[in-house]
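build the 3D model from these lines:
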Amino acid sequence: MHIASLGPFAGSLESTPRTMDVTKATFADVLPEIEAALQNCEFVAVDFEMSGINLAGQPRITYADTMQERYAQQRVVASRFKIIQMGISIVSKVEKTGSSGNSASHTLVACPYNFYTFAADGDDVILSLSAIHFLKDHGMDFNKWIREGVSYTNAAREEELIKRLDCERERDEEEIKKPEGGAPGKTQMNLTKPADVEFMKKQMEVVKAWREESEILGGAESLSEEEKSEAARRRKELTLARTNAFMRRALFEAIEIYYPDLITESRNNQVIVLRLSAAEKEERMAAREAARQSRRLSTVGMRLVFKAMSACARPIVVHNGFFDLLFMMAAFHKPLPEKLVDFKADVRACFPAGVYDTRLISTREDLLGKSLGDKGLEGLCQALVQETPEGGVDLVLAEGFEKYGGSERQAFAHEAGYDAYLTGAVFARMQVLLGDAGLEKLKMMVFSFRSMFVTNLGEDRDWPVYGQQGELVFHLGWEKEAGKDLKDADLMKLFGDRSADTWILWIDDCGAFAVLQGKEGGEALRGEDVLKALPETSTVVRVTTFKDWCAAKEAETEAAREPVEVGKDGWEKGKRLRVA
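Numbers count the residues shown, from 1 in each chain. Prediction:
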């Protein structure tokens, strides 16, 4: 069966609309549904829209950047800007029953969600003008983002919140278990200011009078039903005079010592005194616990989705996803580490089933068996729908998720949920072309824009972009003034008969990379042989192999590192680190 027979643009199954656009008002209802779907899915595709991706004053990215240099620049960006939208598309396998009643094949079913997100804490929200114009032109609802965005925070702040909530829970439990005679050994704050002493005296007299009145009212048998209702209200709750935090604490302690059967809480800078039955105390405790859970949900928010994605141990799929991963880890996990190797370790720990990048996969003609060209996400999807071979599977939108299946679907381009859906649709088709062996080769490999390297999340070293399919790469360097008039054609001519199979990647005014088709008559060429065959007429351009350039770059990086000054005891001066 062709995948194209029920392609991602063929519409969805007949259904009732679901909550595909998730805001803080619907998040609590949708979260359990997402958590359940993730547990049984094949993979989950993600996409993000950010408040910016470029910071003023940063160096321009170039093909000469190492991945550590690129990471260092983009780490700052992902730490400063915020996520505006997150899209996830949960793709699951559903068995189809053939005419004979047997399970003949299966369908992949996509459940895409689009979240508006708004950070719960942290620094100011920074907006990049170019990013805001781009998102505005693609229909971003900024009012919805600000007013209805789902909160998010990282692991450390979630832990801080949990500790605060645990402390509140312990205090509530102590209220329930408090002995009638009061807490043994409890001491009262010592007030020294006359005004504080007088305020405390008056407020405690109010409490005493209210308590005595409550006992009388509680035992009145001659009251009407309306009077009994009002008496019950007055008997249950007392509001003391507004005061500062210091005096509220003093009141809490005094009331606990002298009236241990009463419960105190703070509202609007006032102490509220409650007299509750055992059943009412239990009911109050349950309500406060529900409020705590609501606070956790509304504060932690999207981190709970991130944790569910990690816990389900399913592959994560991105498109051109290096930035997406940086933003996701910075927002939902922890501050980005300084070193790329540490970031890679964090990603592996969070997503052990692997990360796949459809942008990178689209460049691997050798594994796909065909050229997809340099297409955008929607162009890739269309090309794969039209050209998937026999033996593929269908991919459809799940019941109720019809928003991205209509004829006006392209109006949602660059909405995070829609782009996540397309990413999943592309990956579903790429799986068929690659097979298990091809997928394994590209696991944990992530594309980076304008880079000579592929970020290999699976290990410390990164892979060169070129060379996997037989290409040869050379670095071309020259003095700025001497090479000011150089053009692509001038550099391509250096390679003589092979100039037609050469393309140029400019670094700056003093250098470029030349990429050559690395085979001749079916035989692989060696970089050293190409160098020997270069004409010696040019004294302007210096040509070196990519391997030698990388070695020189590494040596330059090592030389630029600040020397470590070590004391006689073997410890680095000013730090508590022993130098090996």
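
name the helix or strand for the most centrally placed residue in the chain, please.
The centroid of the chain falls nearest to Met328 when counting by C-alpha atoms, centre = their mean (2.0 Å). Here Met328 sits within helix 322-332, counting by DSSP states H and E.

need the contact partners of that helix.
46-48, 50, 53, 71, 74-75, 77-79, 81-83, 86, 119, 152-155, 302-303, 306-307, 318, 336, 343, 346-347, 350, 355, 446-449, 455 (C-beta atoms under 8 Å, 6 or more residues apart in numbering). C-beta coordinates here come from the backbone N, C-alpha and C atoms, glycine included.

centre of the chain to stretch 270-288, how far?
Counting by C-alpha atoms, centre = their mean, to the nearest Å, stretch 270-288 is centred 39 Å from the centre of its parent chain.

just the buried residues of that stretch, please?
In terms of neighbour count (16 or more other C-beta atoms under 10 Å), stretch 270-288 has its buried residues at Val271, Val273, Arg275, Leu276, Lys281, Arg284, Met285, Arg288.

and the fourth one, which of the three is it?
It stands for Leu276. On the three-state scheme (DSSP: H, G, I helix; E, B strand; the rest coil), Leu276 is labelled coil.

wait, doesn't it sit right on Ala287?
No. The criterion here is C-beta atoms under 8 Å, and Leu276 misses it with Ala287 at 11.8 Å.

any idea how far the helix holding Met328 is from the middle of the chain?
Worked out by C-alpha atoms, centre = their mean, helix 322-332 lies 5 Å from the chain centre.

what is the end-to-end distance of stretch 454-474?
17 Å (C-alpha to C-alpha, to the nearest Å).

residues in contact with it?
66-67, 322, 340-341, 344, 347-348, 354-355, 360, 363-366, 443-448, 451-453, 513-519, 524-525, 527, 530-531, 543-546.

quick one: mean pLDDT over it.
Stretch 454-474 carries an average pLDDT of 86.

also stretch 411-422?
90.

do the same with stretch 366-374
So the average pLDDT for stretch 366-374 ends up being 82.

end to end, how far does it reach?
Counting by C-alpha to C-alpha: the opening and closing residues of stretch 366-374 are 15 Å apart.

and for stretch 292-310?
OK, stretch 292-310 end separation, C-alpha to C-alpha: 24 Å.

neighbours of Ala254, how many?
Here the number of neighbours of Ala254 (other C-beta atoms under 10 Å) works out to 18.

quick one: the nearest residue to Glu148 once chain neighbours are set aside from Val94, how far?
Counting by C-beta to C-beta, 6 or more residues apart in numbering, Thr23 is the residue found nearest to Glu148 once chain neighbours are left out, at 3.8 Å. Using C-beta to C-beta, to the nearest Å, one gets 29 Å for the distance from Thr23 to Val94.

compare those two (neighbour count), which wins?
The neighbour count for Thr23 versus Val94, taken as other C-beta under 10 Å, is higher for Thr23 (19 against 11).

who are the contact partners of the more buried one?
Phe115, Tyr116, Lys144, Glu148, Gly149, Val150.

before we move on, the earlier item: just the CA coordinates for the helix holding Met328, please, in CSV.
The C-alpha trace of helix 322-332 is given here as CSV (Å, rounded to 0.1, in the frame of the first residue of the first chain):
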residue,chain,number,x,y,z
PHE,A,322,19.7,21.9,17.3
PHE,A,323,18.1,25.1,18.5
ASP,A,324,14.9,23.3,19.4
LEU,A,325,16.8,20.9,21.7
LEU,A,326,18.7,23.8,23.3
PHE,A,327,15.6,25.8,24.0
MET,A,328,13.7,22.7,25.3
MET,A,329,16.5,21.6,27.7
ALA,A,330,17.1,25.2,29.0
ALA,A,331,13.4,25.8,29.6
PHE,A,332,12.2,22.5,31.0
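
which element follows that helix toward the C-terminus?
Scanning onward from helix 322-332 (DSSP H and E), the first element met is helix 340-350.

partner strands of the next helix or strand after that next one, with direction?
Using DSSP H and E, the helix or strand that follows helix 340-350 in sequence is strand 355-357. Here strand 355-357 has these sheet partners by DSSP bridges: strand 316-318 (parallel).
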